[in-house]
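**Student:** return atomic coordinates for the entry below.
(one chain, ligands or ions: 2)
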Amino acid sequence: MIKTVTTTPYQDQKPGTSGLRKKVPVFAQPNYAENFIQSIFDSLEGFDGKTLVIGGDGRYYNREVIQKAIKMAAAAGFGKVMVGQGGILSTPAASNIIRKYHAFGGIVLSASHNPGGPTEDFGIKYNIGNGGPAPEKITDAIYARSKVIDTYKIADTADLDLDKIGTFKVAGMAVEVIDPVADYAELMEQLFDFGAIRALIASGVRVVIDSMGAVTGPYATEILENRLGAPEGSVRNATPLPDFGGHHPDPNLVHAKELYDDVMSKDGPHFGAASDGDGDRNMVVGKGMFVTPSDSLAIIAANAKLAPGYAKGIAGIARSMPTSAAADRVAEKLGIGMYETPTGWKFFGNLLDAGKVTVCGEESFGTGSDHVREKDGLWAVLFWLNIMAGRNESVAEIVKSHWAEYGRNYYSRHDYEEVDSDAANGMMTALREKLGNLPGQNFGSLKVAAADDFAYHDPIDGSVSKNQGVRVLFEGGSRVVFRLSGTGTSGATIRVYVERYEPDPAKHDIDTQVALADLIAVADEISELKKRSGRDAPTVIT
Ligand code: G1P
Ligand code: ZN
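**Tutor:** Numbering: from 1, shown residues only. Ligands and ions are numbered 1, 2, ... in the order given. Presented below is the predicted three-dimensional model:
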């Protein structure tokens, strides 16, 4: 039986960089999740009888919302729902399922790298038929709808047992509960040389993956331990838990410090990697070498041919604007296209669909390719292992020889979290007003070459996205970038991105913060960040 329920709209359901993210108590308000899910369906056309993929990162409230989404999909007229067993699907795995089974789209429940739990974050995002995040045209429509919605439809039936694999019926609609890992593991086996990686591990290279109590646990265990022969226990924190076991599942030097310290210790593993809540981010560390995500993109692109899935070479590279220009140098050398997009994976979709680019990445620990339409944490880890096996070199050797060949882009991001929103907006407004006067000005030895508020003209669909971050470019290739986060759930997060290019290999061993010190000081001088935010240091440095 289908019920039509009267509801009152909420005014705050505006999707951010990656879907709608709020604290659980916000999502748990009456009809809050239902309103948003119905607003998604109301913004789509032509899904009658088609398939919807549903899954999430296992965080608190995942199962409850999955039950609602299944019943609402049945009421909306979908022909079938495919849902991961236990409600689990990593973001890249969901993207793969949508593509592989030609689904109409998918609902992915996650707040990515934000903590989970009864008072922590939850999120809902919609992915389209290419497997990628919904473009702004759709997210704008969802938001507009959510502000006026007055009813939603839901099947009035009992909850489905999400833990049993098989095909079931919910109000006449088929629901297939699938193994969340199998299709993904198969895809990875097609892309990478598992034989060579197995041999690398068998030769004594010790590899560990920290899943941080989040969704990649089952994926990493199946691939690394079962298929690649790493000893049991190589995957740490491998069980997805509703509160991620108290971990903040953000794979960076702050939250994955334990892993980092272990790899850096004398007897620790040779290679360590971590992923985030929903499995799309990655951090890669080798003994004596942390790989910045920007360098990781460049190195993967430069060595792509070593992986069987990319043996023919790559068509082009895309990176988000704040990501360092390291990959640009690789694209130039390979004679392939290079695209600079706004922050957020959704901007890569068109380029990937059009075959313009094969690999893409963001400085925020995101790397991926045209194999799915999301960034993919384990994919990046496997790519690194494939490159290590192919070159028979350690992470540090690979990175250093890359710098020697292309030069090094020193790079760091400074985040100021939970800053007063008015202060943060005031800072951005003041920066924008200054832009015209900056070119030509000197700050110590740094001379401003150009300054703008980044706008993106999508070369495929012609759409324009404005106000994507303030850039101050200095002569010689250094730059600082300012933007406000679109994924935070309390106050504002100011992100400052700092980059300096160093061609001289004799100067490639400087500590990053030291190498960037003058730029960091200039960034504060131009933005008055510390004065306006009342902070004297960043919350997180990556
Ligand atoms: C952050 C990252 C961005 C990434 C997004 C989703 O967005 O900076 O690169 O695509 O999370 O994982 P932000 O909070 O900066 O808007
Ligand atoms: Zn994520």
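**Student:** and Lys346, what pLDDT?
**Tutor:** Lys346 carries a pLDDT value of 86.
**Student:** tell me the contacts of it?
**Tutor:** Going by Cβ atoms under 8 Å, 6 or more residues apart in numbering, Lys346 touches Ser18, Gly132, Pro133, Ala134, Pro135, Glu136. Quick note: C-beta positions are derived from backbone N, CA and C, even for glycine.
**Student:** which of those lies closest to Thr157?
**Tutor:** Nearest to Thr157 among those: Ala134, at 27.6 Å, using Cβ to Cβ.
**Student:** for Ala302, phi and psi?
**Tutor:** Dihedral pair for Ala302: phi -70, psi -30, per degrees, to the nearest 10.
**Student:** give me the number of residues near it?
**Tutor:** 23 (other Cβ atoms under 10 Å).
**Student:** just the contacts of Lys346: which are in helices?
**Tutor:** Of the positions in these, Glu136 sit in helices, assigned by DSSP state H.
**Student:** so which of the contacts of Lys346 is the most crowded?
**Tutor:** Neighbour-wise, those (other Cβ under 10 Å) top out at Pro133, 27 neighbours.
**Student:** show me the contacts for Phe474.
**Tutor:** Leu446, Lys447, Val448, Ala449, Leu519.
**Student:** among these, name the buried ones.
**Tutor:** Leu446, Val448, Ala449, Leu519 (16 or more other Cβ atoms under 10 Å).
**Student:** contacts for the helix or strand hosting the second one, please.
**Tutor:** Yep, that's Val448 we're talking about. Element membership for Val448, per DSSP states H and E: strand 446-453. Strand 446-453 is contacted by residues 432, 434-435, 438-442, 466-475, 478, 518-519, 522 when judged by Cβ under 8 Å, 6+ apart.
**Student:** for the residue of the stretch 101-250 of the chain found nearest ligand 1, list the residues it contacts.
**Tutor:** Using Cβ to the nearest ligand atom, the point where the stretch 101-250 of the chain gets nearest to ligand 1 is Ser112, with a distance of 5.0 Å. Contact analysis of Ser112 by Cβ under 8 Å, 6+ apart lists Ser18, Arg21, Asp57, Thr91, Gly123, Asp276, Gly277, Asp278, Asp280, Arg281, Thr487.
**Student:** redo those as CSV? Include secondary structure.
**Tutor:** Output for these, formatted as CSV (DSSP: H, G, I helix; E, B strand; the rest coil):
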residue, secondary structure
Ser18, coil
Arg21, strand
Asp57, coil
Thr91, helix
Gly123, strand
Asp276, coil
Gly277, coil
Asp278, coil
Asp280, coil
Arg281, strand
Thr487, coil
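**Student:** those also near ligand 1: which ones?
**Tutor:** Subset of the contacts of Ser112 in contact with ligand 1: Ser18, Thr487, counting by Cβ under 6 Å from any ligand atom.
**Student:** can you redo the contacts of Ser112 as a markdown table with pLDDT?
**Tutor:** Putting the contacts of Ser112 into a markdown table (pLDDT from 0 to 100) gives the following:
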| residue | pLDDT |
| --- | --- |
| Ser18 | 81 |
| Arg21 | 94 |
| Asp57 | 96 |
| Thr91 | 97 |
| Gly123 | 97 |
| Asp276 | 95 |
| Gly277 | 95 |
| Asp278 | 97 |
| Asp280 | 97 |
| Arg281 | 96 |
| Thr487 | 78 |
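**Student:** enumerate the residues of the stretch 51-200 of the chain near ligand 1.
**Tutor:** Checking the stretch 51-200 of the chain against ligand 1 by Cβ under 6 Å from any ligand atom, the hits are Ser112.
**Student:** for ligand 2, what's the nearest residue on the stretch 51-200 of the chain?
**Tutor:** Across the stretch 51-200 of the chain, the shortest distance to ligand 2 (Cβ to the ion) belongs to Ser112, at 3.1 Å.
**Student:** sec struct for that residue, please.
**Tutor:** coil.
**Student:** for it, grab phi and psi.
**Tutor:** Per degrees, to the nearest 10, the backbone of Ser112 is at phi 50, psi -120.
**Student:** and it, how far is that from Arg59?
**Tutor:** According to Cβ to Cβ, to the nearest Å, Ser112 stands 10 Å off from Arg59.
**Student:** common neighbours of these two, please.
**Tutor:** With Cβ under 8 Å, 6+ apart as the test, Ser112 and Arg59 both reach Gly277.
**Student:** how about low-confidence regions in the stretch 301-450 of the chain?
**Tutor:** Of all residues in the stretch 301-450 of the chain, none has pLDDT under 70.
**Student:** what are the ranges of the strands in it?
**Tutor:** Listed in chain order, the strands of the stretch 301-450 of the chain (DSSP state E, counting those that start in this stretch) span 316-320, 337-341, 359-362, 366-369, 408-419, 442-443, 446-453.
**Student:** the last one pairs with which strands, parallel or anti?
**Tutor:** As defined by DSSP bridges, the strand partners of strand 446-453 come to strand 442-443 (antiparallel), strand 470-474 (antiparallel).
**Student:** who does the helix or strand just after it touch, helix- and strand-wise?
**Tutor:** Later in the chain than strand 446-453, the nearest helix or strand by DSSP H and E is strand 456-457. Other elements packing on strand 456-457 under the criterion 3 or more Cβ pairs under 8 Å, 6 or more residues apart in numbering; DSSP states H and E are strand 464-465.
**Student:** does ligand 1 sit close to the strand it packs on?
**Tutor:** No - figure legend: strand 464-465 not in contact with ligand 1 (Cβ under 6 Å from any ligand atom); closest approach 12.9 Å.
**Student:** contact partners of that strand?
**Tutor:** Residues contacting strand 464-465 (Cβ under 8 Å, 6+ apart): Glu136, Pro342, Phe347, Ala455, Tyr456, His457, Asp458.
**Student:** go again with 7 Å.
**Tutor:** Glu136, Pro342, Ala455, Tyr456, His457 (Cβ atoms under 7 Å, 6 or more residues apart in numbering).
**Student:** for that strand, what is the average pLDDT?
**Tutor:** 92.
**Student:** quick one: strands adjacent to it?
**Tutor:** Assessed with DSSP bridges, strand 464-465 is paired to strand 456-457 (antiparallel).
**Student:** is any part of the strand it pairs with close to ligand 1?
**Tutor:** No - counting by Cβ under 6 Å from any ligand atom, ligand 1 has no neighbours in strand 456-457; the shortest distance is 13.9 Å.
**Student:** go on, stretch 329-340?
**Tutor:** No - Stretch 329-340 stays clear of ligand 1 (Cβ under 6 Å from any ligand atom), getting no nearer than 13.3 Å.
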